[in-house]
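1. using only what follows, build the 3D model:
(one chain, ligands or ions: 1)
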Amino acid sequence: MSLPTPQYRLQAIRAHDVYEPAEDTFLLIDAIEKDIKEIRSREPQLVLEIGCGSGVVSTFVNQALGGNVTSMATDLNPHALDVTLETAKLNDIKIDVVRTDLFAGLENLVGKVDVLLFNPPYVPTEEEPSTNIELTYAGGRTGRSTLDRLLPRVPELLSPRGVFYLVALHSNDIPSLLKEHSDRMTASVSMERRCGIEHLYILKFVMKEKKLNNDCITAPLACPE
Ligand SMILES: C[S@@+](CC[C@H](N)C(=O)[O-])C[C@H]1O[C@@H](n2cnc3c(N)ncnc32)[C@H](O)[C@@H]1O
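-> All right, here's what the predicted structure looks like:
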């Protein structure tokens, strides 16, 4: 049975130059829906979406987890945070929003994020972003200028049972994204889809279980440091 897409107000999204849910947004939602049993089995308590835009993805995840989770969302665009709050209200859920770069200033979340979501500005561009609209897509020369700042910090941000879903474009160099991540995580392609000229991917990064001794092989949360 498919999970319902959250309600959102297009008028508010368009009026404030906030990223309108598009193929990449819905591919991320589809990947989460595909994995929802596995995600639920991780018993997540904290979900963080970086670059929440309209808030549709955060809202979907909160609802898919039955509301039994703390949802936090960041964005550099203050209007995105307003629209995210509106989307949350419209769907009768709660999301805590913070205007910040990636998760700057939220060091208290380090090691606690069970589900991390990021649909970054991934389009290769000559210039770095300077307006709210450019922030939604402009990824610098490789399309990875924002992502490359986040990726090295993902293992410290995630909890031991954490999982990270990332939207990427074929031209972002998928093989290198799958290879050049920390050896504390495993990486895989969760979904891919051609949408017009874009070839979109959802990459999934999962924290590896700690294998310290024979008694502690499959219970990462119970393992001592
Ligand atoms: C492609 S849109 C995705 C929006 C929404 N998550 C979705 O899937 O529809 C990228 C979002 O990231 C935000 N963003 C860009 N750079 C950011 C940064 N350094 N820190 C936080 N948010 C950022 C943009 O303002 C925009 O809302």
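2. which ones are touching L109?
-> With contact taken as Cβ atoms under 8 Å, 6 or more residues apart in numbering, L109 is in contact with 46, 48, 72, 103, 157. For the C-beta atoms, the positions are set from N, CA and C on the backbone; glycine is no exception.
3. check I36 too.
-> Each residue near I36 by Cβ under 8 Å, 6+ apart is listed here: 3, 64.
4. show me where this protein has strands.
-> Under the criterion DSSP state E, the chain contains strands at 46-50, 70-75, 96-99, 113-118, 158-169, 185-195, 198-207.
5. and the ones you listed: which comes nearest the ligand?
-> Closest of the strands of the chain to the ligand is strand 70-75, at 4.5 Å (criterion: Cβ to the nearest ligand atom).
6. still on that earlier bit, can I get the strands of the chain in JSON lines including distance to the ligand and mean neighbour count?
-> Below are the strands of the chain laid out as JSON lines (distance: least, Cβ to the nearest ligand atom, whole Å; neighbours: other Cβ atoms under 10 Å):
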{"stretch": "strand 46-50", "distance to the ligand": "5", "mean neighbour count": "24"}
{"stretch": "strand 70-75", "distance to the ligand": "4", "mean neighbour count": "23"}
{"stretch": "strand 96-99", "distance to the ligand": "8", "mean neighbour count": "16"}
{"stretch": "strand 113-118", "distance to the ligand": "7", "mean neighbour count": "24"}
{"stretch": "strand 158-169", "distance to the ligand": "7", "mean neighbour count": "22"}
{"stretch": "strand 185-195", "distance to the ligand": "13", "mean neighbour count": "15"}
{"stretch": "strand 198-207", "distance to the ligand": "11", "mean neighbour count": "20"}
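7. dump these into JSON lines; add mean pLDDT as well.
-> What follows is those, written out as JSON lines (pLDDT from 0 to 100):
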{"stretch": "strand 46-50", "mean pLDDT": "98"}
{"stretch": "strand 70-75", "mean pLDDT": "98"}
{"stretch": "strand 96-99", "mean pLDDT": "98"}
{"stretch": "strand 113-118", "mean pLDDT": "98"}
{"stretch": "strand 158-169", "mean pLDDT": "97"}
{"stretch": "strand 185-195", "mean pLDDT": "96"}
{"stretch": "strand 198-207", "mean pLDDT": "96"}
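8. could I get those as a markdown table with distance to K34?
-> Shown next, in a markdown table, are those (distance: least, Cβ to Cβ, whole Å):
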| stretch | distance to K34 |
| --- | --- |
| strand 46-50 | 17 |
| strand 70-75 | 20 |
| strand 96-99 | 27 |
| strand 113-118 | 14 |
| strand 158-169 | 11 |
| strand 185-195 | 7 |
| strand 198-207 | 9 |
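9. do you know which of the ones you listed lies nearest E126?
-> If you check each of the strands of the chain against E126 by Cβ to Cβ, strand 158-169 wins as the nearest, at 16.3 Å.
10. mind giving me the packing neighbours of the closest one?
-> Contacts defined by 3 or more Cβ pairs under 8 Å, 6 or more residues apart in numbering; DSSP states H and E place strand 158-169 against helix 23-34, strand 113-118, helix 174-179, strand 185-195, strand 198-207.
11. let's go with 6 Å and repeat that
-> helix 23-34, strand 113-118, strand 198-207 (3 or more Cβ pairs under 6 Å, 6 or more residues apart in numbering; DSSP states H and E).
12. what's the angle from that strand to strand 46-50?
-> 30 degrees (axes from the mean of the first three to the mean of the last three Cα atoms, to 10 degrees).
13. who touches strand 158-169?
-> 24, 28, 31, 42, 112-119, 122, 143, 154, 177, 201-207, 220-221 (Cβ atoms under 6 Å, 6 or more residues apart in numbering).
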